[in-house]
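# Generate coordinates for the sequence data below:
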Amino acid sequence: MDPVTVSIVVSAPREQVFDYLQDIANHPEFTDHYLVDWHLTRIDSVGAGAGARFRVKAPVNRFSWGDVTFAEVHHPHKIVEIGRMGKNNRIRTLGVYELDPAAGGSTRVRFTIQTRPATLSDRLMESVGGRGWVRRKNQRAMHRLREILEQGEARGGRVTVAGG
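Predicted coordinates for the structure are as follows:
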């Protein structure tokens, strides 16, 4: 799938937004409307190497498990996550969070997600509404992220380590 980019302005300092995003245990708070059953892949959930496994609640998705790992963490402006999903984890994913200063001490958060389907059947599944679905779910996640950071309130329990 071609890259899908969503963005939002959060009324919080860039360092605060970055500190929240670099802890992958916080991600279920703003993505749990379509990514569920989160489990950390290691005990330390912060910074490069932190990762998680989750289920994607997508329509007609028989192979719903996916995972991401923070490959690059550049304080305070960029987080790159790589992952896999789908049948036999054959679909590669690349997600990038970019944080830029905005007017009045705010932060523009931009998230870009891209997938690389391995087979024709994977490409066909993505072409049937996949791009629009991904854009809508990620735009909602950005609104939820802004709400959490601006109100200063977490939405729920933190994700645990798999098997823990």
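# does the residue of the chain most remote from its centre count as helix, strand or coil?
Going by Cα atoms, centre = their mean, the residue of the chain most distant from its centre is Gly104, 26.2 Å out. Per DSSP: H, G, I helix; E, B strand; the rest coil, the secondary structure class of Gly104 is helix.
# which non-adjacent residue is nearest it?
Nearest residue to Gly104 in three dimensions, chain neighbours excluded: Ser11, at 7.5 Å (Cβ to Cβ, 6 or more residues apart in numbering). For the C-beta atoms, the positions are set from N, CA and C on the backbone; glycine is no exception.
# Report the contact partners of that neighbour.
Contacts for Ser11 (Cβ atoms under 8 Å, 6 or more residues apart in numbering) come out as 104-106, 146, 149-150.
# Same list (the residues you listed) but as CSV, adding distance to Val96 and pLDDT.
Formatted as CSV, those follow (distance: Cβ to Cβ, whole Å; pLDDT from 0 to 100):
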residue, distance to Val96, pLDDT
Gly104, 25, 92
Gly105, 23, 92
Ser106, 20, 96
Arg146, 18, 96
Leu149, 19, 95
Glu150, 23, 94
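# Which among those count as buried?
Buried subset of those (neighbour count, 16 or more other Cβ atoms under 10 Å): 106, 146, 149.
# what are the ranges of the strands in the chain?
Using DSSP state E, the strands of the chain run over residues 4-10, 35-40, 51-56, 65-74, 78-85, 91-101, 107-116, 160-161.
# Just checking: what are the partner strands of the longest one?
Meaning strand 91-101. With DSSP bridges as the test, strand 91-101 is paired with strand 78-85 (antiparallel), strand 107-116 (antiparallel).
# Output the ones you listed as CSV; include the columns mean pLDDT, distance to Arg62 and mean neighbour count.
Formatted as CSV, the strands paired with strand 91-101 follow (pLDDT from 0 to 100; distance: least, Cβ to Cβ, whole Å; neighbours: other Cβ atoms under 10 Å):
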stretch, mean pLDDT, distance to Arg62, mean neighbour count
strand 78-85, 96, 12, 20
strand 107-116, 95, 17, 19
